[in-house]
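Enquirer: sequence? don't have it. structure:
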């Protein structure tokens, strides 16, 4: 193969990597509403190059957070496989808070339901269905409070996204303490008091149930 | 007084009100880093007019959120006056979460310590000192968990700021449920488990203490 072609391929790979890196940074700082043109500008590529690698923003988001989405699926699968449903549920919350604390762009992507991002939305739906099963088990086991609803998970992820330390390590430490407090509040306790009505935040398709 | 002067005065008042309204909107949407020049542009006044009314951004922030800061002081004073320290503490958390859920700009202002915003920072310090007293009382009464620290309040306010419903009413409902969950986690329970280390988030001057 002529050297010039090898060189071009390497350039294309560099462009793709740089676009993904910039996209993750921009989504983390400013959310998903940033225009594709702006991402191209910051990655120092032309719009045509950007669209050649990533035909839509949904596609860019899906690829940018593929690794986090896989990590999330592993967390949920391991939680569901735990023979103790409360331990499984608790561990999922701890690990999900940590994962999201390390990447605000992933939280933005996870929260916004992208109807056209088939892979991404599909993985999310799959995870939520599994979590609904896990939480139903924990409720039946008498450990998770029976008025827990799947919207409470959404509430947790959104609240976790508001926590910002002065360094990534401080943010992670704060997210860990926050997760522990939330786990405490989800646990059935002798002094458990009823909660206000569940907040309808969008994850209404999968409901945990003690039935 | 000539009509023209009356007219000017009324114009000046309109400008001031419009600047404050725009500032609250902009701070809520984009945080406090928005330049003064941008606030002037959106309020459709010249920079000179903006600086005549509000010589510094600290001054603008202080005046824009004066009402919320007074409401916050009332909440804290009423909590501290409650003969039952746990009920006082719990009520403060409920009302603070509601207040902040209704105004994200106020959260941004409250969280960032403006060294030059004397009135604002002074009111905040005063509130935090009172809350440290209230939480120490609740810990001594055996109702608030002894490992509660003032940074947990900061954690709560930051987490609350991440919650966004599709409407203000949905955000408020979600903030109420969130507050109830956090209150549950702060309550000493027979099944209370130790928390990870406290997150150092900035409010280290006032520490609650069971001593």
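Expert: Yes, it's here. If you're wondering where the values come from, they're calculated on a predicted model, not measured in any experiment.
Enquirer: now the angle from the longest helix seen in chain A to helix B:3-30?
Expert: When chain A is parsed with DSSP state H, its longest helix is helix A:3-30. Angle of helix A:3-30 versus helix B:3-30, following axes from the mean of the first three to the mean of the last three CA atoms, to 10 degrees, is 120 degrees.
Enquirer: Would you mark the buried spots in helix A:3-30?
Expert: Using 16 or more other CB atoms under 10 Å in any protein chain shown as the test for burial, helix A:3-30 gives A:15-16, A:19-20, A:22-24, A:26-28. In short, each C-beta sits where N, CA and C put it, glycine included.
Enquirer: ok, stretch A:149-166 near chain B or not?
Expert: Yes. Shown here: stretch A:149-166 in contact with chain B (CB under 8 Å from any CB of the partner chain) through A:152, A:155, A:158-166.
Enquirer: just how off-centre is the helix or strand where residue A:174 lies within its chain?
Expert: Per DSSP states H and E: residue A:174 is located in helix A:168-186. Taking CA atoms, centre = their mean, to the nearest Å, one finds the center of helix A:168-186 at 16 Å from the center of the full chain.
Enquirer: Flag every buried residue along it.
Expert: Across helix A:168-186, burial judged by 16+ other CB under 10 Å covers A:170-186.
Enquirer: show me which of those neighbour chain B.
Expert: Restricting the buried residues of helix A:168-186 to those near chain B by CB under 8 Å from any CB leaves A:170, A:173-174, A:176-178, A:180-182, A:184-186.
Enquirer: Could you dump these into TSV with pLDDT added?
Expert: Shown next, in TSV, are those (pLDDT from 0 to 100):
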residue	pLDDT
A:170	88
A:173	90
A:174	91
A:176	92
A:177	92
A:178	94
A:180	91
A:181	92
A:182	94
A:184	90
A:185	92
A:186	93
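Enquirer: for the residues of stretch A:149-166 next to chain B, which one is nearest chain B?
Expert: Among the residues of stretch A:149-166 next to chain B, residue A:162 lies closest to chain B (CB to the nearest CB), at 2.6 Å.
Enquirer: quick one: that closest one and residue B:154 touch, right?
Expert: No. Taking contacts as CB atoms under 8 Å, residue A:162 lies outside contact range of residue B:154: 11.1 Å.
Enquirer: Where does pLDDT dip in chain A?
Expert: Confidence mapping of chain A against pLDDT under 70 gives the ranges A:1-8, A:113-117, A:191-211.
Enquirer: Helices along that one, start to end?
Expert: Under DSSP H, chain A gives helices at A:3-30, A:36-42, A:47-53, A:57-64, A:66-81, A:85-101, A:104-111, A:118-140, A:151-161, A:168-186.
Enquirer: re the thing from before, just give me the closest of the ones next to chain B among the buried residues of helix A:168-186 to residue B:123.
Expert: Using CB to CB, residue A:174 is the member of these that lies nearest residue B:123, at 24.7 Å.
Enquirer: Next, find the distance separating residue A:25 from residue A:60.
Expert: According to CB to CB, to the nearest Å, residue A:25 and residue A:60 sit 13 Å apart.
Enquirer: Residue A:109 now?
Expert: Remark: distance between residue A:109 and residue A:60 (CB to CB) = 10 Å.
Enquirer: same thing with residue A:82?
Expert: Using CB to CB, residue A:82 is found at 35 Å from residue A:60.
Enquirer: Show me which of the two is the more surrounded one.
Expert: Legend: neighbour count by other CB atoms under 10 Å in any protein chain shown for residue A:82 and residue A:60, higher for residue A:60 (23 against 16).
Enquirer: Next, count neighbours for the spatially closest residue to that one that is not a sequence neighbour.
Expert: Distance criterion CB to CB, 6 or more residues apart in numbering or on different chains; nearest residue to residue A:60, sequence neighbours excluded, is residue A:54 at 4.0 Å. Other residues lying near residue A:54 total 22 when counted by other CB under 10 Å.
Enquirer: And residue A:130, by the same measure?
Expert: Per other CB under 10 Å, the neighbour tally for residue A:130 reads 18.
Enquirer: ok, now which ones touch it?
Expert: Applying CB atoms under 8 Å, 6 or more residues apart in numbering or on different chains to residue A:130 gives the contacts A:76-77, A:79-80.
Enquirer: Among the residues you listed, which one lies nearest to chain B?
Expert: Nearest member of the contacts of residue A:130 to chain B, counting by CB to the nearest CB, is residue A:79, at 18.3 Å.
Enquirer: That closest one: how many residues sit nearby?
Expert: Counted by other CB under 10 Å, the residues lying close to residue A:79 total 25.
Enquirer: Residue A:70 now?
Expert: Neighbours of residue A:70 under the rule other CB under 10 Å: 11.
Enquirer: if I look at it, how far off is residue A:76?
Expert: Look at residue A:70 and residue A:76: by CB to CB, they are 11 Å apart.
Enquirer: what domains does the record give for chain A?
Expert: A:3-58, A:66-186 (automatic domain parsing).
Enquirer: Disregarding residues adjacent in the polypeptide, which is nearest to residue A:131?
Expert: Leaving aside its chain neighbours, residue A:131 sits nearest to residue A:76 (6.1 Å; criterion: CB to CB, 6+ apart).
Enquirer: For that neighbour, list the residues it contacts.
Expert: By CB under 8 Å, 6+ apart, the residues touching residue A:76 are A:92, A:127, A:130-131, A:134.
Enquirer: what do you get for residue A:81?
Expert: Residues in contact with residue A:81 (CB under 8 Å, 6+ apart) are residue A:88.
Enquirer: Packing partners of the longest helix of chain A?
Expert: On a contact count with 3 or more CB pairs under 8 Å, 6 or more residues apart in numbering or on different chains; DSSP states H and E, helix A:3-30 meets helix A:36-42, helix A:47-53, helix A:57-64, helix A:104-111.
Enquirer: need the ones you listed in a markdown table with distance to residue B:40, can you?
Expert: Converted to a markdown table, these look like this (distance: least, CB to CB, whole Å):
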| stretch | distance to residue B:40 |
| --- | --- |
| helix A:36-42 | 25 |
| helix A:47-53 | 33 |
| helix A:57-64 | 33 |
| helix A:104-111 | 30 |
